[in-house]
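Visitor: no sequence on this one, just coordinates:
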DNA sequence: ACATATTTGCTGAACACTCATTCAAAATAT
DNA sequence: ATATTTTGAATGAGTGTTCAGCAAATATGT
């Protein structure tokens, strides 16, 4: 089917001028993208619902309504509710990983600068929304009894924490600190996750305050490397 | 649960046989306590179910089965599922508060000893079970969209953190540390919650390792007050 | 160029199933 | 005998899933 379609549109393209060729291309892409666009749209609606109603109250009807589409739509684009939720979690995990990956690339070669960047990007505007934190937390709440969720949440942690550990170890060597690196790293990562939890709970805590608390941790742990304004 | 059932029927039998006085006593207590006992029993079964199946999969049928009782029982002793869940959360919150309250009493007057005790009791055998952590996390996951849960989870934090803040401030004065106390306290509390989260996720993390990580934090933050073995 | 056939994305009603809740009846205690 | 506690079947609301069919876009035949 797909092959035939491609053959046909190639044939059409050849008949048309070069300007129209572009148009056909985008059209084709648009058509092909349509499916991806819908999925995206439904995933966003799912995050909305998770944030607004919580995991247990999120229904397919609510997701469909949120996307402005009809009831059966999810089972058309995703096979089941379960698959939709997994795709949503996957999407968030990918976004999260991409974010700190990019931050790490931009940070340069200094271990201190890299660590600072990693901590900072956890409290980035794009990632650290109430909406998304709420969605994360919804999945965390179910993760213990669902291996798939656990894997996706865990995969995030493993790589992230490996890098953290390596950085902490490097800083320890550079600064002659006395702590035990594994415990230190664990406590630091846990602290940031805990801050997320609190942000989501929505006491008066703001993103800035949470970030400041994490920085305070960095200051105390690596006094020779950081000031409140950044790495030395 | 089965044991309790058996106990009841044993009590019944005792009434029929010899020791009438004893039997009447236990019976009276049994009757008056019976309602409380059933509630307790159902609450325990609820925690079991939350830990095993997660929030969204926890059904009244499952709770009743877990308690070895019949289907309609929850709506007799609690008015609704919602009320059962709230009572369960309340129960856990009370237990948690009682635990750190007792630990604080036992710790003496030194601020350092008190802080050490508070951190330690978060990783106590009684409190820090996988079962209970899972139940806590289930509630956290739903808390954002349920004011009642949020209030009960939050109430825990508020008092707890007030004390933490006071202790950190005191240690800062004593030790001449340079950090900003609010941020420090926030990061510390968040770290312990994050460690709970990870314990529950069940990577290879053990209670002891998590506790050690928290201690590592204490060491770094208050080097003049603590060694790995305890407060100086 | 026009008509027809096919594909594709989507709809919404129907269906099957789960689950909280109710309640009449039974069991048990007083 | 009365009150209390427990049972378990019945109820009904809610929800995920299915599917026949619609409409627009696209391909094919003339």
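Guide: Received the coordinates, thanks. Keep in mind the model is a prediction, meaning the values are calculated, not measured.
Visitor: from here on, contacts and neighbour counts on C-alpha atoms
Guide: Will do.
Visitor: what about residue A:76, how many neighbours?
Guide: A count of neighbours around residue A:76, defined by other CA atoms under 10 Å in any protein chain shown, yields 9.
Visitor: actually, residue A:175.
Guide: Residues within reach of residue A:175, counting by other CA under 10 Å, total 13.
Visitor: what's near enough to touch it?
Guide: With contact set as CA atoms under 8 Å, 6 or more residues apart in numbering or on different chains, residue A:175 has these partners: A:222, A:224-225.
Visitor: distance of the residue most central in space within chain A relative to chain B?
Guide: The residue lying closest to the centre of chain A (CA atoms, centre = their mean) is residue A:96, at 2.5 Å. Separation of residue A:96 from chain B (CA to the nearest CA, to the nearest Å) stands at 18 Å.
Visitor: now residue A:152
Guide: With CA to the nearest CA as the criterion, residue A:152 and chain B are 11 Å apart.
Visitor: that residue should be in a helix, yeah?
Guide: Yes: using DSSP: H, G, I helix; E, B strand; the rest coil, the assignment for residue A:152 is a helix.
Visitor: wait, doesn't it sit right on residue A:88?
Guide: No: the criterion here is CA atoms under 8 Å, and residue A:152 misses it with residue A:88 at 10.7 Å.
Visitor: the two: which is more packed in?
Guide: More crowded of residue A:152 and residue A:88, by other CA under 10 Å: residue A:88, with 22 against 18.
Visitor: report the contact partners of the more buried one.
Guide: A:43-44, A:46-47.
Visitor: now swap in residue A:53 and tell me
Guide: Going by CA under 8 Å, 6+ apart, residue A:53 touches residue B:145.
Visitor: what is the burial count for residue A:215?
Guide: By other CA under 10 Å, the residues close to residue A:215 number 23.
Visitor: that's a strand at residue A:128, yeah?
Guide: No: under three-state DSSP, residue A:128 sits outside any strand and is assigned coil.
Visitor: once you drop chain neighbours, what's closest to it?
Guide: Computed as CA to CA, 6 or more residues apart in numbering or on different chains, the closest residue to residue A:128 that is not its neighbour in sequence is residue A:122, at 6.7 Å.
Visitor: for DNA strand D, see how far away the one you found is.
Guide: Here the criterion is CA to the nearest atom of the strand, to the nearest Å. By it, residue A:122 lies 31 Å from DNA strand D.
Visitor: show me the contacts for that residue.
Guide: Residue A:122 neighbours (CA under 8 Å, 6+ apart): A:100, A:128, A:192.
Visitor: which one (most neighbours) among these?
Guide: residue A:192 leads the contacts of residue A:122 on contacts (other CA under 10 Å) with 24 neighbours.
Visitor: phi, psi for that residue please.
Guide: phi -70, psi -40 (degrees, to the nearest 10).
Visitor: my read: it touches residue B:194, true?
Guide: Yes: judged on CA under 8 Å, residue A:192 makes contact with residue B:194 at a distance of 7.4 Å.
Visitor: and the gap between the spatially closest residue to residue A:201 that is not a sequence neighbour and DNA strand C?
Guide: Nearest residue to residue A:201 in three dimensions, chain neighbours excluded: residue B:144, at 5.9 Å (CA to CA, 6+ apart). Taking CA to the nearest atom of the strand as the measure, residue B:144 falls 20 Å from DNA strand C.
Visitor: check contacts around residue B:144.
Guide: By CA under 8 Å, 6+ apart, the neighbours of residue B:144 are A:51, A:54, A:134, A:200-202, B:150.
Visitor: now swap in residue A:224 and tell me
Guide: Here residue A:224 is in contact with A:175, A:232 (criterion: CA under 8 Å, 6+ apart).
Visitor: ok, residue A:67 - how many residues close by?
Guide: 18.
Visitor: same thing with residue A:102?
Guide: Using other CA under 10 Å as the criterion, residue A:102 is surrounded by 13 other residues.
Visitor: what does residue A:77 give?
Guide: Residues near residue A:77, counting by other CA under 10 Å: 15.
Visitor: the helix or strand where residue A:63 lies near chain B anywhere?
Guide: Per DSSP states H and E: residue A:63 is located in helix A:60-67. No: contact of helix A:60-67 with chain B (CA under 8 Å from any CA of the partner chain) is absent, the minimum separation being 14.8 Å.
Visitor: show me what that helix is packed against.
Guide: Contact here means 3 or more CA pairs under 8 Å, 6 or more residues apart in numbering or on different chains; DSSP states H and E; on that basis helix A:60-67 packs against helix A:18-53, helix A:73-77.
Visitor: by mean pLDDT, show me the worst of those helices.
Guide: With a mean of 68, helix A:18-53 has the lowest mean pLDDT of the helices and strands packed on helix A:60-67.
Visitor: what residues are up against residue A:64?
Guide: Listed by CA under 8 Å, 6+ apart, the contact set of residue A:64 reads A:42, A:45, A:70-71, A:73-74.
Visitor: kindly recompute the last result at 7 Å.
Guide: A:70-71, A:73 (CA atoms under 7 Å, 6 or more residues apart in numbering or on different chains).
Visitor: need those residues in a markdown table (columns: distance to chain B and neighbour count).
Guide: Listed next are the contacts of residue A:64 as a markdown table, based on distance: CA to the nearest CA, whole Å; neighbours: other CA atoms under 10 Å in any protein chain shown:
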| residue | distance to chain B | neighbour count |
| --- | --- | --- |
| A:70 | 25 | 13 |
| A:71 | 22 | 14 |
| A:73 | 23 | 18 |
